[in-house]
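K.L.:
Just the structure for this:
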Amino acid sequence: MAKEDTAFQEQEGRTVLLIEDDSAIAEEVIGELKARGFFVRHAARGDTGLETALLGEADVMVVDRLLPGMDGLSVIENMRQQGVRTPVLVLSALSAVDDRVSGLKAGGDDYLTKPFAAEELIARLEALLRRPDDTRVTKLRAGPLEMDLIERRVWRDGREIDLLPREFRLLEYLMRRPGQVLTRSMLLEDVWQYRFIPRTNLVDVHIGKLRRKIDVPGEEPLIQSIRGAGFQLRVSD
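P.N.:
Residues are numbered from 1 along each chain as shown. This is a model prediction of the structure:
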């Protein structure tokens, strides 16, 4: 556990949202992505995948065409209509030219047919991440906090705050959900990428370090502990 946590602390990995209902394919892709330092969110249904996509947290997405709940092309069309510009790689067993065109017309950025080699998937995702896109969200604001997702910098009322990679990711998670009570389990699953919930004070230790940097003496405390529940970023509109 400690070894895995250290490895992720040294990464400023991009986040991949994988929407794939085939458990074997999903497990293989997740393993390959994590081995290369990516953070991975996974949804096995189209409708739940769309909900996650609309949070705008992913840097790039991999979307299967045929999904339960909502098909992959509908997921992409819906998120594009709602202004989410995250690059999308469409996965499909359908290889005809018309199928590829349909995937791109729906708003996909690239198209990969099954079966595929993991190396090609990674190469295509890296190419999408290098592609300039001025329409993607690059800054977050929550009360007096401002975060630049590209330069990986944070300010509070103009005062720059120096954060370690894990602290940055933790604060990003909080800033995307201002006012929401976030449990330790949620933070361990989504920030640390744990698939099980260990008995550890890891979250409390990192929250404490982050709070000391964000909430310096004389400033209104923003990061609140909610007894018996978790934590909350409390900011004014």
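
K.L.:
gap between residue 171 and residue 152?
P.N.:
11 Å (CB to CB, to the nearest Å). C-beta coordinates here come from the backbone N, C-alpha and C atoms, glycine included.

K.L.:
which of the two has more neighbours?
P.N.:
Taking other CB atoms under 10 Å, residue 171 and residue 152 do not tie; residue 171 has more neighbours (25 against 13).

K.L.:
Okay, domains of the protein per the record?
P.N.:
7-130, 139-233 (automatic domain parsing).

K.L.:
where exactly do the helices run in the protein?
P.N.:
Secondary structure of the chain (DSSP state H): helices at 2-9, 23-35, 46-53, 72-81, 97-105, 118-130, 165-175, 184-190, 202-214.

K.L.:
so which of those comes closest to residue 157?
P.N.:
Between residue 157 and the helices of the chain, the tightest spacing by CB to CB is seen for helix 202-214, at 11.1 Å.

K.L.:
what does that closest one rub up against?
P.N.:
Contacts to helix 202-214, defined as CB atoms under 8 Å, 6 or more residues apart in numbering, come from residues 5, 145, 156, 161-163, 166-167, 170-171, 184, 187-188, 192, 221-223, 225, 231.

K.L.:
mind redoing it with 10 Å?
P.N.:
With contact meaning CB atoms under 10 Å, 6 or more residues apart in numbering, helix 202-214 is reached by 1-2, 5, 9, 144-145, 154, 156, 161-164, 166-171, 174, 182-188, 191-192, 194, 201, 221-225, 230-231, 233.

K.L.:
picking that back up, JSON lines for the helices of the chain, including mean pLDDT and distance to residue 139?
P.N.:
As requested, the helices of the chain are exported to JSON lines (pLDDT from 0 to 100; distance: least, CB to CB, whole Å):
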{"stretch": "helix 2-9", "mean pLDDT": "32", "distance to residue 139": "24"}
{"stretch": "helix 23-35", "mean pLDDT": "92", "distance to residue 139": "26"}
{"stretch": "helix 46-53", "mean pLDDT": "93", "distance to residue 139": "19"}
{"stretch": "helix 72-81", "mean pLDDT": "90", "distance to residue 139": "20"}
{"stretch": "helix 97-105", "mean pLDDT": "74", "distance to residue 139": "29"}
{"stretch": "helix 118-130", "mean pLDDT": "86", "distance to residue 139": "18"}
{"stretch": "helix 165-175", "mean pLDDT": "90", "distance to residue 139": "10"}
{"stretch": "helix 184-190", "mean pLDDT": "84", "distance to residue 139": "21"}
{"stretch": "helix 202-214", "mean pLDDT": "94", "distance to residue 139": "17"}
